[in-house]
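Enquirer: model the following, please.
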Amino acid sequence: MMKNLILICGASGIGKSTACKALTEVLPNTAFIDSDYCRYMNPFGFTQEEIQIVVSNISNMMINYFACSTIENVIFQYGFHGVREQIFSVIIEVVNAQNIEYNFCPIILQCSLEESIRRMVNDNRDEARIQRAIENTRHIYDAYTYPKINITDLSVRETCFEIMEVLREVYHIVEHIEAAVHNPSTETQEALAEVEEMKKILALGKAYTDVDEMIQEMLAE
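Expert: Numbering: from 1, shown residues only. You can find the predicted model right below:
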């Protein structure tokens, strides 16, 4: 059985992790590697030692999931800003050294600047972090030819199904995809509904007037 490495990339704060978690609930025989938790250190300064730890954490998880007989798809969310693209290249070299056969299926998620800011504010990111994300992570994906999905007006559920359409149409991953897209199981529908409901609950606690004011201020800069 050929394995699939599904890379979901895009600017910081766009909603990669949320989409990947929902996608994992939809696709059977799937594992999700969250790059954020593979480098959850305080502080984290991209020292050589810390980079080696991150490479080891992520590559070992990939190798172990690929070796698992019940896992067909490995979803990995990542951003290419800064030195992260070089780190990803090293991770892939380590995995490839194990002579593992897999399909590489990268997809870029994009959204409007205003919606990106709104999502980061709702994720409780401070203004300095939001500004760094805008300046350092949005523009770099223009040069990539990977399939792109604009998720500005999409719900988590809709984003998830758009990703599956790309997997089916572009990368020809057909097993399980057809059924998951057109005939989602009751468990799948319930899982996606729970994700959507949680996002609504979190949003209820936000002062949207303040959010809109912050967005307009940042767009004006």
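
Enquirer: any idea how far residue 172 is from residue 1?
Expert: 15 Å (C-beta to C-beta, to the nearest Å). Just so you know, the C-beta spots here come from the backbone N, C-alpha and C atoms, and that holds for glycine as well.

Enquirer: ok, which stretches of this structure are helices?
Expert: 16-26, 48-67, 84-96, 113-122, 127-137, 156-169, 177-182, 186-204, 208-220 (DSSP state H).

Enquirer: the first one to helix 156-169, inter-axis angle?
Expert: I take that to be helix 16-26. When axes from the mean of the first three to the mean of the last three C-alpha atoms, to 10 degrees is applied, the directions of helix 16-26 and helix 156-169 differ by 70 degrees.

Enquirer: other SSEs contacting helix 16-26?
Expert: Contact here means 3 or more C-beta pairs under 8 Å, 6 or more residues apart in numbering; DSSP states H and E; on that basis helix 16-26 packs against strand 3-10, strand 30-34, strand 73-78, helix 156-169, helix 186-204.

Enquirer: wait, residue 19 touches residue 10, no?
Expert: No: the pair residue 19 / residue 10 is not scored as a contact, 9.1 Å apart, by C-beta atoms under 8 Å.

Enquirer: identify the contacts common to those two.
Expert: Contact with both residue 19 and residue 10 is made by residues residue 109, according to C-beta atoms under 8 Å, 6 or more residues apart in numbering.

Enquirer: how about low-confidence regions in this protein?
Expert: 174-221 (pLDDT under 70).

Enquirer: out of everything not next to it in sequence, what's closest to residue 34?
Expert: The shortest distance from residue 34 to any non-neighbouring residue, by C-beta to C-beta, 6 or more residues apart in numbering, is to residue 17 (5.9 Å).

Enquirer: and residue 138, by the same measure?
Expert: Closest to residue 138 by C-beta to C-beta, 6+ apart is residue 11, at 4.5 Å.

Enquirer: same check on residue 88?
Expert: residue 78 (6.1 Å).
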